[in-house]
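K.L.:
Task: produce atomic coordinates for the following.
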Amino acid sequence: MRSCKEIIDVIPHYLKGQLDPNVARDLDQHLADCPRCLDFLAEELIRAYQEVADHRAPRAFATTGAGLAQR
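P.N.:
Got it, this is the predicted structure:
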């Protein structure tokens, strides 16, 4: 089993889907037994969502589907 520090260090890569499957499996197993690391993962997910939510799509993306089909 990996340490909490090792888990916390790889969580950003986990969220981006950039982990080796074996490391991801270790992380999943660790999270199942470690509320502290699970809380850290939840905080990172919230932070990532807020970063995305703070960005508005360019105005051209706000057009209707019909407008996009004409391009």
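K.L.:
Please, where are all the helices along this protein?
P.N.:
Shown for the chain, the helices assigned by DSSP state H span residues 4-15, 21-33, 35-53, 65-69.
K.L.:
what would those look like in CSV with distance to R59, mean neighbour count and mean pLDDT?
P.N.:
Glycine gets a C-beta too; all of them are placed from N, C-alpha and C. CSV is the format used below for the helices of the chain (distance: least, CB to CB, whole Å; neighbours: other CB atoms under 10 Å; pLDDT from 0 to 100):
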stretch, distance to R59, mean neighbour count, mean pLDDT
helix 4-15, 29, 15, 93
helix 21-33, 38, 13, 94
helix 35-53, 18, 12, 90
helix 65-69, 11, 8, 52
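K.L.:
Roughly how far does the residue lying closest to L19 once chain neighbours are set aside sit from V52?
P.N.:
Nearest in space to L19, with sequence neighbours left out and distances taken as CB to CB, 6 or more residues apart in numbering, is H13 at 5.2 Å. Separation of H13 from V52 (CB to CB, to the nearest Å) stands at 18 Å.
K.L.:
Kindly report the same for Y14.
P.N.:
Separation of Y14 from V52 (CB to CB) stands at 17 Å.
K.L.:
The residue nearest to L19 touches L27, doesn't it?
P.N.:
No: counting by CB atoms under 8 Å, H13 does not reach L27; the two are 9.4 Å apart.
K.L.:
any idea how far R59 is from D20?
P.N.:
Taking CB to CB as the measure, D20 and R59 are separated by 41 Å.
K.L.:
And these two? Which one has more around it.
P.N.:
Set side by side, D20 and R59 give different neighbour counts by other CB atoms under 10 Å, the larger being at D20 (10 against 7).
K.L.:
Look up phi and psi at the more buried one.
P.N.:
Backbone torsions for D20, taken as degrees, to the nearest 10, come to phi -60, psi 140.
K.L.:
okay, which residue is most central for this protein?
P.N.:
In the chain, the C-alpha closest to the average C-alpha coordinate belongs to L15, at a distance of 3.4 Å (CA atoms, centre = their mean).
K.L.:
how about that residue, what does it touch?
P.N.:
For L15, the contacting residues are E44, L45, A48, taking CB atoms under 8 Å, 6 or more residues apart in numbering as the criterion.
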